[in-house]
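S.K.: using only what follows, build the 3D model:
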Amino acid sequence: MSPSRSLTLAKRTVHWLFRPWWPEPREEFERRWQRFFLLGPVGGLVGLTFGILAARRWELSLLLFPVLCGITGTYLMYLAGHVESFVRTRTVSPAGRAQVMVALFADLVVGGLLGQLMAIVLDANAAAMLGTGAATLAAYTFVASRIFWGDWIEQFVYTLSGQASGRRINDYSYEMSLAAQGFVDEALERLSQASVDRGGHSGPLILGAHMLEEEERYEDAVAWYRRASAAPRLDARRAAIFARNIAEISAVHLGDPAIAVADLQALLDTYPTAEEVAWARDELEAIQSGRPSALLAPLPVDEEEE
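M.R.: The predicted structure follows:
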(Lines give C-alpha, C1' and ligand atoms only; values in the text may rest on other atoms or scores of the structure.)
Protein backbone atom coordinates (compact mmCIF):
# COMPACT_ATOMS: atom_id res chain seq x y z
CA MET A 1 0.00 0.00 0.00
CA SER A 2 1.41 3.37 -1.01
CA PRO A 3 2.13 6.02 1.68
CA SER A 4 -0.51 8.39 0.27
CA ARG A 5 -3.17 5.65 0.27
CA SER A 6 -2.23 4.70 3.83
CA LEU A 7 -2.55 8.32 4.95
CA THR A 8 -5.96 8.64 3.29
CA LEU A 9 -7.14 5.42 4.94
CA ALA A 10 -5.85 6.58 8.32
CA LYS A 11 -7.64 9.93 8.01
CA ARG A 12 -10.91 8.23 7.04
CA THR A 13 -10.59 5.82 9.96
CA VAL A 14 -9.93 8.61 12.44
CA HIS A 15 -12.82 10.64 11.06
CA TRP A 16 -15.15 7.64 11.32
CA LEU A 17 -14.11 6.89 14.90
CA PHE A 18 -14.51 10.49 16.05
CA ARG A 19 -17.41 11.64 13.90
CA PRO A 20 -20.15 13.89 15.37
CA TRP A 21 -23.01 12.15 17.13
CA TRP A 22 -25.58 14.78 16.08
CA PRO A 23 -25.79 17.71 13.64
CA GLU A 24 -23.69 20.66 14.76
CA PRO A 25 -22.38 23.88 13.16
CA ARG A 26 -18.95 23.68 11.58
CA GLU A 27 -17.61 26.16 14.17
CA GLU A 28 -18.78 23.82 16.93
CA PHE A 29 -17.24 20.83 15.18
CA GLU A 30 -13.91 22.65 15.01
CA ARG A 31 -14.08 23.66 18.67
CA ARG A 32 -14.85 20.09 19.74
CA TRP A 33 -11.92 18.70 17.76
CA GLN A 34 -9.57 21.25 19.21
CA ARG A 35 -10.57 20.29 22.74
CA PHE A 36 -10.16 16.61 21.90
CA PHE A 37 -6.62 17.11 20.66
CA LEU A 38 -5.89 19.05 23.81
CA LEU A 39 -7.41 16.51 26.23
CA GLY A 40 -7.19 13.23 24.31
CA PRO A 41 -3.49 12.53 25.02
CA VAL A 42 -4.10 13.26 28.70
CA GLY A 43 -6.87 10.69 28.88
CA GLY A 44 -4.76 8.12 27.06
CA LEU A 45 -1.78 8.62 29.36
CA VAL A 46 -3.89 8.51 32.51
CA GLY A 47 -5.71 5.39 31.28
CA LEU A 48 -2.44 3.67 30.42
CA THR A 49 -1.01 4.45 33.85
CA PHE A 50 -4.06 3.11 35.66
CA GLY A 51 -4.08 0.07 33.40
CA ILE A 52 -0.52 -0.80 34.38
CA LEU A 53 -1.30 -0.34 38.08
CA ALA A 54 -4.44 -2.46 37.79
CA ALA A 55 -2.64 -5.19 35.86
CA ARG A 56 0.00 -5.45 38.56
CA ARG A 57 -2.54 -5.32 41.37
CA TRP A 58 -4.79 -8.00 39.91
CA GLU A 59 -2.02 -9.95 38.12
CA LEU A 60 -3.47 -9.31 34.68
CA SER A 61 -1.67 -9.23 31.35
CA LEU A 62 0.54 -6.15 30.93
CA LEU A 63 0.20 -6.38 27.15
CA LEU A 64 -3.56 -5.99 26.79
CA PHE A 65 -5.25 -4.42 29.81
CA PRO A 66 -3.22 -1.14 29.96
CA VAL A 67 -3.87 -0.56 26.25
CA LEU A 68 -7.62 -1.02 26.73
CA CYS A 69 -7.54 1.40 29.66
CA GLY A 70 -5.65 3.94 27.56
CA ILE A 71 -8.25 3.74 24.79
CA THR A 72 -11.01 4.10 27.39
CA GLY A 73 -9.35 7.20 28.83
CA THR A 74 -9.05 8.74 25.38
CA TYR A 75 -12.73 8.15 24.67
CA LEU A 76 -13.70 9.62 28.00
CA MET A 77 -12.09 12.86 26.83
CA TYR A 78 -13.90 12.50 23.53
CA LEU A 79 -17.13 12.10 25.51
CA ALA A 80 -16.34 15.31 27.41
CA GLY A 81 -16.10 17.19 24.12
CA HIS A 82 -19.43 15.81 22.95
CA VAL A 83 -21.18 16.65 26.21
CA GLU A 84 -19.89 20.21 25.95
CA SER A 85 -20.89 20.44 22.28
CA PHE A 86 -24.37 19.08 22.96
CA VAL A 87 -25.10 21.57 25.73
CA ARG A 88 -23.38 24.48 23.96
CA THR A 89 -25.49 24.15 20.81
CA ARG A 90 -28.64 24.21 22.94
CA THR A 91 -27.87 27.23 25.10
CA VAL A 92 -29.91 30.37 24.57
CA SER A 93 -26.89 32.62 24.24
CA PRO A 94 -24.73 31.96 21.15
CA ALA A 95 -21.63 32.55 23.28
CA GLY A 96 -20.63 33.95 26.62
CA ARG A 97 -20.14 32.96 30.21
CA ALA A 98 -22.75 30.21 30.07
CA GLN A 99 -20.66 28.30 27.54
CA VAL A 100 -17.53 28.67 29.62
CA MET A 101 -19.45 27.00 32.42
CA VAL A 102 -20.45 24.23 30.01
CA ALA A 103 -16.81 23.45 29.27
CA LEU A 104 -15.96 23.56 32.96
CA PHE A 105 -18.85 21.25 33.81
CA ALA A 106 -17.78 18.72 31.16
CA ASP A 107 -14.23 18.69 32.52
CA LEU A 108 -15.42 18.29 36.10
CA VAL A 109 -17.66 15.35 35.19
CA VAL A 110 -15.02 13.47 33.19
CA GLY A 111 -12.31 14.32 35.71
CA GLY A 112 -14.56 12.92 38.43
CA LEU A 113 -14.97 9.67 36.46
CA LEU A 114 -11.21 9.35 36.15
CA GLY A 115 -10.92 10.00 39.87
CA GLN A 116 -13.34 7.17 40.61
CA LEU A 117 -11.32 4.82 38.43
CA MET A 118 -8.21 5.90 40.31
CA ALA A 119 -9.94 5.17 43.62
CA ILE A 120 -10.85 1.64 42.47
CA VAL A 121 -7.36 0.87 41.22
CA LEU A 122 -5.48 2.38 44.16
CA ASP A 123 -8.09 1.40 46.79
CA ALA A 124 -8.24 5.07 47.83
CA ASN A 125 -11.00 7.25 49.25
CA ALA A 126 -13.61 7.62 46.50
CA ALA A 127 -14.85 11.07 47.53
CA ALA A 128 -11.35 12.52 47.74
CA MET A 129 -10.31 11.08 44.39
CA LEU A 130 -13.50 12.35 42.75
CA GLY A 131 -12.73 15.93 43.81
CA THR A 132 -9.05 15.60 42.94
CA GLY A 133 -9.69 14.23 39.46
CA ALA A 134 -12.35 16.82 38.63
CA ALA A 135 -10.29 19.78 39.83
CA THR A 136 -7.11 18.52 38.15
CA LEU A 137 -8.66 18.10 34.70
CA ALA A 138 -10.45 21.45 34.86
CA ALA A 139 -7.25 23.22 35.93
CA TYR A 140 -5.19 21.49 33.23
CA THR A 141 -7.64 22.52 30.51
CA PHE A 142 -7.67 26.13 31.67
CA VAL A 143 -3.87 26.42 31.86
CA ALA A 144 -2.90 24.33 28.83
CA SER A 145 -5.40 25.98 26.50
CA ARG A 146 -3.86 29.38 27.23
CA ILE A 147 -0.19 28.40 27.18
CA PHE A 148 0.12 25.78 24.46
CA TRP A 149 -2.69 26.72 22.09
CA GLY A 150 -1.77 28.31 18.77
CA ASP A 151 -2.09 28.18 14.99
CA TRP A 152 -0.26 24.84 14.81
CA ILE A 153 -2.99 22.92 16.64
CA GLU A 154 -5.65 24.31 14.32
CA GLN A 155 -3.65 23.25 11.29
CA PHE A 156 -3.21 19.82 12.87
CA VAL A 157 -6.96 19.53 13.35
CA TYR A 158 -7.62 20.46 9.72
CA THR A 159 -5.14 17.83 8.54
CA LEU A 160 -6.51 14.90 10.52
CA SER A 161 -10.20 15.69 10.76
CA GLY A 162 -10.83 15.48 7.02
CA GLN A 163 -13.15 18.49 7.28
CA ALA A 164 -12.30 20.80 4.40
CA SER A 165 -15.28 22.95 5.32
CA GLY A 166 -14.12 23.49 8.88
CA ARG A 167 -13.47 26.92 10.25
CA ARG A 168 -10.22 28.48 9.07
CA ILE A 169 -7.86 30.44 11.28
CA ASN A 170 -8.77 33.82 9.82
CA ASP A 171 -12.47 33.10 9.37
CA TYR A 172 -14.52 35.28 11.71
CA SER A 173 -17.70 35.25 9.66
CA TYR A 174 -19.61 33.66 12.54
CA GLU A 175 -18.62 36.49 14.89
CA MET A 176 -19.61 39.06 12.29
CA SER A 177 -22.95 37.30 11.87
CA LEU A 178 -23.51 37.46 15.64
CA ALA A 179 -22.79 41.19 15.66
CA ALA A 180 -25.15 41.75 12.73
CA GLN A 181 -27.92 39.99 14.71
CA GLY A 182 -27.33 42.24 17.70
CA PHE A 183 -25.20 39.83 19.76
CA VAL A 184 -22.25 42.23 19.84
CA ASP A 185 -21.00 41.30 23.30
CA GLU A 186 -21.11 37.59 22.44
CA ALA A 187 -19.16 38.26 19.24
CA LEU A 188 -16.59 40.30 21.17
CA GLU A 189 -16.12 37.51 23.71
CA ARG A 190 -15.50 34.98 20.95
CA LEU A 191 -13.02 37.33 19.25
CA SER A 192 -11.21 37.91 22.53
CA GLN A 193 -10.89 34.16 23.07
CA ALA A 194 -9.78 33.69 19.46
CA SER A 195 -6.94 36.13 20.09
CA VAL A 196 -5.91 34.19 23.21
CA ASP A 197 -6.10 30.89 21.33
CA ARG A 198 -3.77 32.29 18.65
CA GLY A 199 -1.16 33.47 21.12
CA GLY A 200 -2.39 37.05 21.43
CA HIS A 201 -2.82 37.64 17.69
CA SER A 202 -4.06 41.13 16.84
CA GLY A 203 -6.45 40.16 14.01
CA PRO A 204 -9.49 39.27 16.13
CA LEU A 205 -8.89 42.31 18.34
CA ILE A 206 -8.92 44.71 15.41
CA LEU A 207 -12.19 43.26 14.15
CA GLY A 208 -13.62 43.70 17.66
CA ALA A 209 -12.43 47.30 17.76
CA HIS A 210 -14.19 48.00 14.44
CA MET A 211 -17.41 46.50 15.85
CA LEU A 212 -17.17 48.77 18.87
CA GLU A 213 -16.65 51.81 16.66
CA GLU A 214 -19.77 50.95 14.69
CA GLU A 215 -21.64 50.70 17.99
CA GLU A 216 -20.20 54.12 18.98
CA ARG A 217 -18.57 52.57 22.04
CA TYR A 218 -15.44 54.58 21.47
CA GLU A 219 -13.77 54.18 24.85
CA ASP A 220 -14.06 50.41 24.55
CA ALA A 221 -12.72 50.60 21.00
CA VAL A 222 -9.62 52.44 22.26
CA ALA A 223 -9.10 49.69 24.85
CA TRP A 224 -9.25 47.01 22.15
CA TYR A 225 -6.82 48.89 19.89
CA ARG A 226 -4.46 49.08 22.87
CA ARG A 227 -4.73 45.33 23.35
CA ALA A 228 -3.91 44.87 19.66
CA SER A 229 -0.89 47.17 20.07
CA ALA A 230 0.45 44.80 22.74
CA ALA A 231 0.33 41.79 20.40
CA PRO A 232 3.62 39.90 19.93
CA ARG A 233 5.75 40.26 16.80
CA LEU A 234 4.05 43.49 15.77
CA ASP A 235 5.74 45.40 12.95
CA ALA A 236 5.98 49.19 12.71
CA ARG A 237 3.32 49.51 10.00
CA ARG A 238 0.59 47.73 11.97
CA ALA A 239 1.58 49.40 15.23
CA ALA A 240 1.32 52.80 13.51
CA ILE A 241 -2.15 51.97 12.18
CA PHE A 242 -3.39 50.96 15.63
CA ALA A 243 -1.96 54.11 17.26
CA ARG A 244 -3.45 56.31 14.55
CA ASN A 245 -6.88 54.76 15.11
CA ILE A 246 -6.55 55.52 18.82
CA ALA A 247 -5.50 59.09 18.08
CA GLU A 248 -8.36 59.64 15.64
CA ILE A 249 -10.98 58.28 18.03
CA SER A 250 -9.57 60.39 20.87
CA ALA A 251 -9.57 63.59 18.84
CA VAL A 252 -12.69 63.17 16.72
CA HIS A 253 -15.11 61.19 18.87
CA LEU A 254 -13.94 61.62 22.46
CA GLY A 255 -12.92 65.27 22.03
CA ASP A 256 -9.66 64.85 23.95
CA PRO A 257 -6.54 64.24 21.82
CA ALA A 258 -4.47 63.94 25.02
CA ILE A 259 -5.94 60.46 25.56
CA ALA A 260 -3.60 59.19 22.85
CA VAL A 261 -0.39 60.80 24.22
CA ALA A 262 0.83 57.65 25.97
CA ASP A 263 0.09 55.53 22.89
CA LEU A 264 1.92 57.88 20.55
CA GLN A 265 4.91 58.08 22.88
CA ALA A 266 5.07 54.30 23.19
CA LEU A 267 4.95 53.99 19.39
CA LEU A 268 7.87 56.40 18.99
CA ASP A 269 9.88 54.70 21.72
CA THR A 270 9.39 51.27 20.16
CA TYR A 271 10.04 52.25 16.53
CA PRO A 272 12.15 55.45 16.72
CA THR A 273 13.57 55.24 13.19
CA ALA A 274 10.62 53.79 11.25
CA GLU A 275 9.20 56.00 8.51
CA GLU A 276 5.67 54.73 9.27
CA VAL A 277 5.62 56.56 12.63
CA ALA A 278 6.79 60.00 11.45
CA TRP A 279 3.24 61.38 11.64
CA ALA A 280 3.06 60.34 15.31
CA ARG A 281 5.91 62.68 16.24
CA ASP A 282 4.16 65.65 14.62
CA GLU A 283 0.85 64.72 16.25
CA LEU A 284 2.45 64.35 19.67
CA GLU A 285 4.12 67.76 19.39
CA ALA A 286 0.81 69.35 18.32
CA ILE A 287 -1.03 67.90 21.31
CA GLN A 288 1.66 68.88 23.82
CA SER A 289 1.90 72.45 22.45
CA GLY A 290 -1.85 72.94 22.42
CA ARG A 291 -2.09 73.25 18.65
CA PRO A 292 -5.08 71.67 16.84
CA SER A 293 -4.68 68.03 16.00
CA ALA A 294 -3.79 67.37 12.38
CA LEU A 295 -6.25 64.49 12.47
CA LEU A 296 -9.09 67.00 12.87
CA ALA A 297 -8.25 68.83 9.66
CA PRO A 298 -10.99 68.51 7.00
CA LEU A 299 -10.27 66.43 3.95
CA PRO A 300 -9.47 68.38 0.74
CA VAL A 301 -12.45 68.80 -1.60
CA ASP A 302 -12.15 68.35 -5.34
CA GLU A 303 -13.32 71.61 -6.97
CA GLU A 304 -14.73 69.72 -9.96
CA GLU A 305 -17.00 67.70 -7.66
CA GLU A 306 -18.39 70.96 -6.20
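S.K.: scan this structure for its longest helix.
M.R.: helix 26-58 (DSSP state H).
S.K.: tell me what it is packed against?
M.R.: When contacts are defined as 3 or more CB pairs under 8 Å, 6 or more residues apart in numbering; DSSP states H and E, helix 26-58 packs onto helix 65-88, helix 97-122, helix 126-147, helix 151-161. Yep, even glycine has a C-beta here, placed from its N, CA and C like the rest.
S.K.: for the longest one, buried residues please.
M.R.: Translated: helix 97-122. Within helix 97-122, the residues that qualify as buried are 99, 102-103, 105-115, 117-119, 121, counting by 16 or more other CB atoms under 10 Å.
S.K.: again with the first one
M.R.: Residues of helix 65-88 classed as buried by neighbour count (16+ other CB under 10 Å): 65-66, 69-70, 72-88.
S.K.: swap in stretch 244-257?
M.R.: Here stretch 244-257 shows 244-251, 254, 257 as buried, counting by 16+ other CB under 10 Å.
S.K.: from the residues you listed, which single one is nearest R12?
M.R.: Nearest to R12 out of the buried residues of stretch 244-257 is N245 (CB to CB; 47.0 Å).
S.K.: please tell me how far V110 sits from N245.
M.R.: Plainly put, V110 is 43 Å away from N245 if you go by CB to CB, to the nearest Å.
S.K.: I misspoke; the intended subject was M101.
M.R.: 34 Å.
S.K.: which element is encountered next along the chain beyond the worst-scoring helix or strand of the chain on mean pLDDT?
M.R.: For the chain, counting by mean pLDDT, DSSP states H and E, helix 151-161 ranks last in confidence among helices and strands (a mean of 55). Next in sequence after helix 151-161, counting helices and strands by DSSP states H and E, comes helix 173-180.
S.K.: helices or strands up against that next one?
M.R.: helix 184-197, helix 203-214.
S.K.: would you mark the buried spots in the longest helix of the chain?
M.R.: Within helix 26-58, the residues scored as buried using 16+ other CB under 10 Å are 27-40, 42-44, 46-52, 54-55.
S.K.: kindly report the same for stretch 229-245.
M.R.: Neighbour-count burial for stretch 229-245 flags 229, 231, 234, 236, 238-240, 242-245 (criterion: 16+ other CB under 10 Å).
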